[in-house]
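Trainee: Only the shape, not the letters, is given here:
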């Protein structure tokens, strides 16, 4: 896991790739803009890209982390070398754990204005963030999720849980960091019904952590084949759990 740091001048830099002993960190949840807007790993590595629109949310995450006493932070646009298929594969399969282990998750909502006569809650309910596939695990995995507009903090997962429940249809119990395996497979599948991803297979790959499975990414396979493989992996996990339960009873 390659973390980021920000200095007092606002300069953002990459740290070495942490494998063991990962220090406390904050993590950003957001919706992607166009490729021209987002800062890439290569651009951050060479000190370019600070003029891009996407650098604003990177700087925000670093500054908010510092306010919360955290030296390190992570943003997916620039902390993953997407030119490496191996790194991308490992990152996608690790993503749920990275969000779960973050001390703070900041949701940055660019489409929720707070300086208008219309209550921000109206825009919050219509935010694009609630329609994207990858943001589902970013909502459910971390214990601490805080929502921000460009101008101010809006609340956290606990204070806004009734709004989030109404928007997403996700059970309040799932928003309270209960073990996701306590919810049926079909209920968890239903959480992604109204969410979309740029690549059709990502609608499936974004569910891996929610079901606790690992599988390789095959971006040419199509969504149906990806769903078939996901269900096969879920069935394997359920069989392993059943067999473990039987062994425990016999040995008890």
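Mentor: It's in. Since the model is a prediction, treat every value here as computed from it, not as a measurement.

Trainee: Not counting the helix or strand residue 5 falls within itself, show me its contacts.
Mentor: Assigned by DSSP states H and E, residue 5 belongs to strand 2-6. Residues from elsewhere that reach strand 2-6 (Cβ atoms under 8 Å, 6 or more residues apart in numbering): 12-18, 22-23, 25, 44, 58-59, 61-63, 65-66, 71-75, 78-80. Where C-beta positions appear, they are placed from N, C-alpha and C, glycine not excepted.

Trainee: Weed out the non-buried ones from those residues.
Mentor: Buried members of the contacts of strand 2-6, counted by 16 or more other Cβ atoms under 10 Å: 12, 15, 25, 44, 58-59, 61-62, 65-66, 72-75, 78-80.

Trainee: Residue 92 contacts residue 208, correct?
Mentor: Yes: when contacts are counted by Cβ atoms under 8 Å, residue 92 is listed as touching residue 208 (7.2 Å).

Trainee: Next step: the contacts of strand 2-6 restricted to strands.
Mentor: Among the contacts of strand 2-6, DSSP state E puts 12-17, 25, 72-74 in strands.

Trainee: Which secondary structure state is assigned to residue 147?
Mentor: Under DSSP: H, G, I helix; E, B strand; the rest coil, residue 147 falls in the strand class.

Trainee: remind me which residues of the stretch 51-200 of the chain are low pLDDT?
Mentor: Residue ranges of the stretch 51-200 of the chain with pLDDT under 70: none are present.

Trainee: That one: helices as residue ranges?
Mentor: 55-67, 76-79, 85-101, 120-125, 135-140, 161-168, 172-175, 185-190 (DSSP state H, counting those that start in this stretch).

Trainee: Break the chain down into its domains, please.
Mentor: 2-178, 181-252 (automatic domain parsing).

Trainee: how far does the longest one stretch from start to finish?
Mentor: Its start and end residues considered, domain 2-178 measures 28 Å (Cα to Cα, to the nearest Å).

Trainee: count of neighbours near residue 11?
Mentor: 12 (other Cβ atoms under 10 Å).

Trainee: Please read the previous query as pertaining to residue 135.
Mentor: 19.

Trainee: what do you get for residue 8?
Mentor: Counted with other Cβ under 10 Å, residues neighbouring residue 8 total 6.
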